[in-house]
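Peer 1: Generate coordinates for the sequence data below:
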Amino acid sequence: MNLKKILAQFNILGQCRQYGVSLWQCPQFLFLIMGLVIIAATLAVYTIGTRYIEDPGIVALVVLLVTVVLFIIAFIITRSFERLAEASRMKSEFVSIVSHQLRSPLSNLIWAIELLMSGRLGKIEENQIEYFKILKENSSRMGELVSDLLIVSKIETATLPIKKQEFPIEDLIKKLISNIEPFAKASNVEIKFETQKDLPKVFADPSQIRLVIENLLDNAIRYVKEKGVVEIKLETKGNNLYFEIKDNGIGIPKDDQKYIFQKFFRSENVLRYQTQGSGLGLFITRSIVNKSGGKMDFKSEENKGSTFWFTLPIK
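Peer 2: From the prediction side, this is the model:
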């Protein structure tokens with residue numbers, strides 16, 4: 001058992017996955033790099049010392065002092081990164097545990113509200129139904145937030161399941177447009193879908209890509225002022241499939257654009273126009289696209305609209 005623990009310390013990639021950080025943020029990898037830097041610096045100091053200092057004892061002392069100082073600095077830096085990585089891991093675990101614990105009570109609450117609203121347990125007065133609707137709406141919003149937090153936790157801990165397979169993304173988009181059409185009409189928004197003929201299948205996880213397109217489509221409709229148009233384009237570019245969604249909504253201020261894919265960030269003009277939302281959708285969307293082997297970006301101008309696009313590999 002002790003041997004396994006010792007060997008686990010040398011598994012740098014495993015340690016990085018445990019902390020849920022990239023290689024260049026992993027304490028063990030940084031310590032290895034710092035070790036190589038110390039060796040290189042020690043050899044350089046020794047080479048320079050032997051050239052300009054005649055006494056070998058003084059050379060050895062200088063080399064020893066430089067090595068000790070560099071080792072102390074490396075140890076302090078590595079320990080600092082280790083504490084940060086451990087804090088990040090504990091935060092992700094805490095969010096995951098809390099989200100899991102909240103999911104069941106929320107589901108039960110929504111079920112109980114629907115049962116009461118149905119009238120099967122007794123007659124419901126008209127004014128009471130309005131309060132039940134408010135409860136149900138807020139419970140659903142809380143459930144969506146919990147689901148988003150669970151996905152973010154899985155992304156940060158590298159446990160988000162990506163089961164890649166070939167599938168026709170055009171059919172998926174048409175189905176999603178059909179599902180969201182009532183919401184679009186209620187928001188006075190027209191959806192236009194333009195697609196290239198004889199598109200090849202993409203190689204990705206259908207359930208995750210569905211979440212990506214749902215988020216982008218929902219945002220495009222939600223942030224359109226008055227009457228609007230959402231245009232979706234689908235075509236091939238090289239070995240990738242290119243998806244683009246364009247709206248004529250409120251847009252994103254230039255100063256806010258660099259933060260748009262960060263967790264919990266919501267633009268100032270969005271908060272004035274639409275108070276609902278967790279600020280997690282675009283972080284989740286881009287993370288899924290990246291893990292699927294694609295790229296995602298956008299361009300936007302305030303009060304004129306936004307265009308989001310992503311690519312997916314074609315097998």
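Peer 1: what about the nearest residue to residue 257 once chain neighbours are set aside, neighbour count?
Peer 2: Closest residue in space to residue 257, ignoring its immediate chain neighbours: residue 300 at 6.4 Å, by Cβ to Cβ, 6 or more residues apart in numbering. For the C-beta atoms, the positions are set from N, CA and C on the backbone; glycine is no exception. When neighbours are defined as other Cβ atoms under 10 Å, residue 300 has 20 of them.
Peer 1: State the three-state secondary structure for residue 300.
Peer 2: Secondary structure state of residue 300, per DSSP: H, G, I helix; E, B strand; the rest coil, is strand.
Peer 1: now the one 3 residues further on
Peer 2: State at residue 303, reduced to three classes by three-state DSSP: coil.
Peer 1: Does the closest residue to it other than its chain neighbours fall in a helix, a strand, or a coil region?
Peer 2: Once flanking residues are discounted, residue 303 sits nearest to residue 251: 5.5 Å by Cβ to Cβ, 6+ apart. What three-state DSSP gives for residue 251 is coil.
Peer 1: next one: residue 210
Peer 2: Three-state call for residue 210 (three-state DSSP): helix.
Peer 1: list the contacts for it?
Peer 2: Applying Cβ atoms under 8 Å, 6 or more residues apart in numbering to residue 210 gives the contacts 172, 176.
Peer 1: follow-up on the earlier one: which residues does the residue nearest to residue 303 contact?
Peer 2: 269, 300, 301, 302, 303, 304, 305, 306.
Peer 1: Then the last one would be within a strand, right?
Peer 2: It stands for residue 306. Yes: under three-state DSSP, residue 306 sits within a strand.
Peer 1: Hmm, it is touching residue 246, no?
Peer 2: Yes: using Cβ atoms under 8 Å, residue 306 is in contact with residue 246, at 7.4 Å.
Peer 1: So between these two, which is more surrounded?
Peer 2: Neighbours were counted for residue 306 and for residue 246 using other Cβ under 10 Å; residue 306 has more, 23 against 19.
Peer 1: For stretch 65-79, buried residues please.
Peer 2: 66, 67, 70, 74, 78 (16 or more other Cβ atoms under 10 Å).
Peer 1: same question, stretch 245-257
Peer 2: So stretch 245-257, judged by 16+ other Cβ under 10 Å, has buried residues 245, 246, 247, 248, 249, 250, 251, 252, 256, 257.
Peer 1: which among those residues gets closest to residue 37?
Peer 2: Nearest to residue 37 among the buried residues of stretch 245-257 is residue 257, at 36.5 Å by Cβ to Cβ.
Peer 1: that older thread, determine the residues that are contacts of both of residue 306 and residue 246.
Peer 2: Residues touching both residue 306 and residue 246 (Cβ under 8 Å, 6+ apart): residue 220.
Peer 1: ok, which stretches of the stretch 101-250 of the chain are strands?
Peer 2: Secondary structure of the stretch 101-250 of the chain (DSSP state E, counting those that start in this stretch): strands located at 165-167, 189-195, 202-204, 228-237, 240-247.
Peer 1: hmm, which of the contacts of residue 251 are the buried ones?
Peer 2: 269, 300, 302, 305, 306.
Peer 1: Quick check: bridge partners of the second one?
Peer 2: Which is residue 300. residue 306 (DSSP bridges).
Peer 1: So what's the residue count around residue 298?
Peer 2: 19.
Peer 1: One more: residue 121?
Peer 2: So residue 121, with other Cβ under 10 Å, has 10 neighbours.
Peer 1: what does residue 50 give?
Peer 2: 12.
Peer 1: Please apply the same query to the one 3 residues further on.
Peer 2: Neighbour count of residue 53, defined by other Cβ under 10 Å: 14.
Peer 1: Equivalent analysis for residue 209, please.
Peer 2: Neighbours around residue 209, by other Cβ under 10 Å: 23.
Peer 1: cool, and residue 29?
Peer 2: Per other Cβ under 10 Å, the neighbour tally for residue 29 reads 19.
Peer 1: Roughly how far does it sit from residue 35?
Peer 2: From residue 29 across to residue 35, the span is 11 Å (Cβ to Cβ, to the nearest Å).
Peer 1: what does residue 158 give?
Peer 2: For residue 158, the distance to residue 35 - Cβ to Cβ - is 25 Å.
Peer 1: Now residue 33: phi and psi?
Peer 2: Here is the backbone geometry of residue 33 (degrees, to the nearest 10): phi -60, psi -40.
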